[in-house]
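Engineer: Give me a model of this one.
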Amino acid sequence: MSATTSRRASFALRLRAMSRVGVRMMFHDKAKLLGTVLGVVFAVVLAVQQLSILFGLLDKNTMFVEHAGADVWIGPPGTEQFQPGEPLSDTIVTRARTTLGVALAEPLVVAGATVKRPNGGSEAVTLIGTALPSRLGGPWAFVAGDTRVLSQPDTVVFEDAERDKYGDMDLGAVRELNGRRVRAGGFTWGLLPFGPAYAFANIDLVRDIVRTPTDKQSFVLVTVRPGESAEVVRDRLAARLPEASVLTTRDFASAIVSALLREQLGVSFGTSTAFGLVIGFIIVALSMFSSVIDNLREFGTLKAIGCTNLDLTALLLVQSVTYALVGTLVGLGLVSGMTEGIRSPQLVPIVPLPLYGIIPGLMVLICIAAASLALFRIRKLEPGMVFR
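Structural biologist: Now for the predicted structure:
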C-alpha cells in the first residue's frame, strides 16, 4: 500500500470515528438536540412559506398571459403589466394580421367595471372582452358552463369564488354591469389576480358596457403559424409596429414578474425570508456554541488522546450537517402540508421543485457557518485542562 493510500485510509477512519462521536454527543443532550432541530425547522418553514406565497402571488399575476393562448402580445408602449394603457387602434390589428408568420391576430379589451348587487352596493370586476370565434384570452378553468356561452347575447362569465360578493349569483342570474343588464352564463375558478376578479364576455358586449370605441382595444393577441418561431415573428411585428410594445408570452410573463418584484413584492418577501434564515442561523449558532461550552472537558479529553483540530472540525461539521438535513426534512414536510391545506381560489401557494433541492443545501451552508463560531472556541482549547 502506498503512503498516499495509507493516508487516505487513515483520514477515512478518523472521519468515520469523529462522525460517530459527534452524533452520539448530539443525542446525549436530547433537549439541546430538539431545540437546535426546531430552530432549523422554524427557519425552513418561515422562509419556504414566504417564498411559496410569493410564487403563488406571481403566478396569479402571470396566469392570464400564460393561459390566454397567444404566442405574441402587442400592447401599449412600455407595457410591463397586464393592465389597460393607451388604447391601440385597428390599424395595428390589420398590420399584425398581414405580417409574415402570423396565424391569428385578435383584439382584447381589458377594463374595470362594477357589478350591482341586488341588495345594494356594488363589486368591482376586471372585464375581459374576447373576440369570437377564436376566443383568444379566455376564459378557462370552468366550473360551470363553457366558452360557447360567450356567443349568447348579454352573457358574462364570472368568477365562482366571488359569487357571494355578487349577491348569491347563480347560473342565469341577471345583474347590472355599469348599468347594463347581463346574464351569468358560466363560472370560472381561481381567476383572481391582485385586483378585482376577471369576468369574461364577447368583445362587442364589453365595448358597449365600458363605452370603448369599436376601433380601439387594450391588447392584440397573436398566434404564429406552425413551424414559425415566436421570437422571429415578434421581431417582424416590432419592425412593423414601432409605436407599440411587442413581447412573446414568455417575455411578457417575465416582465410582469420583474415589475412586481421591483416595485411591490421583492423587498417585503425578501426581508421576511431573510429574517427566517437569520433566526435559524442564530439558533443553531447559539445551540452549538452552548454545546461546546457544556462539553469543554470532553473536547479537551479528545484533544488529550490525540484528536487534532481537523478531527474536531469534522465532528462539528457532521453535527451541523445532521441538524440541517433533519430540520430541513421536517420543515419541508410541514410546509408541503400547510400549502396543501390553505389552497383557495384567492391564493395557491407554490413550492417549485427546484426549491426542494436548494433549501437543504442552503441550510447546510447556514449550519456550517453557525458551527464555525463554536470551532473558534475549540481551536483555542488546551488539552491540559482535563488534568486541572
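Engineer: any idea how far residue 260 is from residue 308?
Structural biologist: 52 Å (Cβ to Cβ, to the nearest Å). Using the backbone N, CA and C atoms, a C-beta is placed for each residue, glycine as well.
Engineer: Could you check which of the two is surrounded by more residues?
Structural biologist: Just comparing residue 308 and residue 260: by other Cβ atoms under 10 Å the higher neighbour count belongs to residue 260, 19 against 11.
Engineer: Is that one part of a helix or strand, or is it coil?
Structural biologist: helix (DSSP: H, G, I helix; E, B strand; the rest coil).
Engineer: doesn't residue 60 make contact with it?
Structural biologist: No. Residue 260 lies out of contact with residue 60 (Cβ atoms under 8 Å); the separation is 10.0 Å.
Engineer: in what helix or strand does the spatially closest residue to residue 251 that is not a sequence neighbour lie?
Structural biologist: Leaving out its chain neighbours, the residue that sits closest to residue 251 by Cβ to Cβ, 6 or more residues apart in numbering is residue 234, at 7.8 Å. Applying DSSP states H and E as the criterion places residue 234 in helix 230-240.
Engineer: Wait, residue 352 touches residue 58, no?
Structural biologist: No. Residue 352 is beyond contact range of residue 58, at 10.7 Å (criterion: Cβ under 8 Å).
Engineer: who has more neighbours, those two?
Structural biologist: residue 58 (18 against 11).
Engineer: Against residue 320, how distant is the more buried one?
Structural biologist: 33 Å.
Engineer: quick one, what contacts the residue nearest in space to the middle of the chain?
Structural biologist: In the chain, the C-alpha closest to the average C-alpha coordinate belongs to residue 55, at a distance of 1.1 Å (Cα atoms, centre = their mean). When contacts are counted by Cβ atoms under 8 Å, 6 or more residues apart in numbering, residue 55 touches 349-352.
Engineer: Quick one: which of those residues is the most crowded by neighbours?
Structural biologist: Busiest of those [other Cβ under 10 Å] is residue 349, holding 24 neighbours.
Engineer: I'd say residue 23 and residue 318 touch.
Structural biologist: Yes. With contact defined as Cβ under 8 Å, residue 23 counts as touching residue 318 (6.8 Å).
Engineer: In terms of neighbours, single out the busier of those two.
Structural biologist: residue 318 (21 against 14).
Engineer: In the protein, where is pLDDT below threshold?
Structural biologist: 1-11, 264-269, 280, 288-289, 291-300, 303, 341-346, 374, 376-388 (pLDDT under 70).
Engineer: Would you map the strands across it?
Structural biologist: 72-75, 88-89, 102-116, 122-130, 142-144, 155-159, 174-177, 180-188, 198-202, 216-217, 219-224, 245-248 (DSSP state E).
Engineer: Buried ones in the fifth one, by neighbour count?
Structural biologist: It refers to strand 142-144. residue 144 (16 or more other Cβ atoms under 10 Å).
Engineer: Can you tell me what sits against it?
Structural biologist: 157, 160, 171, 186-189.
Engineer: State the distance from residue 287 to residue 262.
Structural biologist: Applying Cβ to Cβ to residue 287 and residue 262 gives a distance of 37 Å.
Engineer: between the two, which one's more packed in?
Structural biologist: The neighbour comparison of residue 287 against residue 262 (other Cβ under 10 Å) goes to residue 287, with 24 against 11.
Engineer: what does the domain assignment say about the protein?
Structural biologist: 13-61+266-387, 77-243 (automatic domain parsing).
Engineer: Tell me where this protein has helices.
Structural biologist: 3-28, 30-67, 90-97, 203-210, 230-240, 249-260, 266-294, 296-304, 309-341, 353-379 (DSSP state H).
Engineer: closest one to residue 113 among those?
Structural biologist: Closest to residue 113 of the helices of the chain is helix 203-210 (Cβ to Cβ; 6.0 Å).
Engineer: the inter-axis angle of the closest one versus strand 102-116?
Structural biologist: 40 degrees (axes from the mean of the first three to the mean of the last three Cα atoms, to 10 degrees).
Engineer: Against which helices or strands is helix 203-210 packed?
Structural biologist: The contact analysis (3 or more Cβ pairs under 8 Å, 6 or more residues apart in numbering; DSSP states H and E) places helix 203-210 against strand 102-116, strand 122-130, strand 180-188.
Engineer: ok now the first one, how far from the chain's centre?
Structural biologist: Its chain's average C-alpha position is 26 Å from that of strand 102-116, according to Cα atoms, centre = their mean, to the nearest Å.
Engineer: Quick one: list the elements packing against that strand.
Structural biologist: Looks like strand 102-116 contacts helix 90-97, strand 122-130, strand 174-177, helix 203-210, strand 216-217, strand 219-224 (3+ Cβ pairs under 8 Å, 6+ apart).
Engineer: Could you list the paired strands of the last one along with their orientation?
Structural biologist: Put plainly, it is strand 219-224. strand 72-75 (antiparallel), strand 102-116 (antiparallel) (DSSP bridges).
Engineer: residues making contact with it?
Structural biologist: So strand 219-224 is contacted by 68-75, 88, 92-93, 96, 101-108, 110, 136-137, 230, 233, 237 (Cβ under 8 Å, 6+ apart).
Engineer: again with stretch 349-361
Structural biologist: 44, 47-49, 51-53, 55-56, 59, 324-325, 328-329, 331-332, 335-336, 338-339, 342-343.
Engineer: just the buried members of the residues you listed?
Structural biologist: Judged by 16+ other Cβ under 10 Å, buried ones among those: 44, 47-49, 51-53, 55-56, 59, 324, 328-329, 331-332, 335, 339.
Engineer: Tell me the bridge partners for residue 102.
Structural biologist: Applying DSSP bridges, one finds that residue 102 bridges with residue 224.
Engineer: Does it touch residue 96 like I think?
Structural biologist: Yes. Counting by Cβ under 8 Å, residue 102 touches residue 96, with 6.0 Å between them.
Engineer: Many thanks, have a good one.
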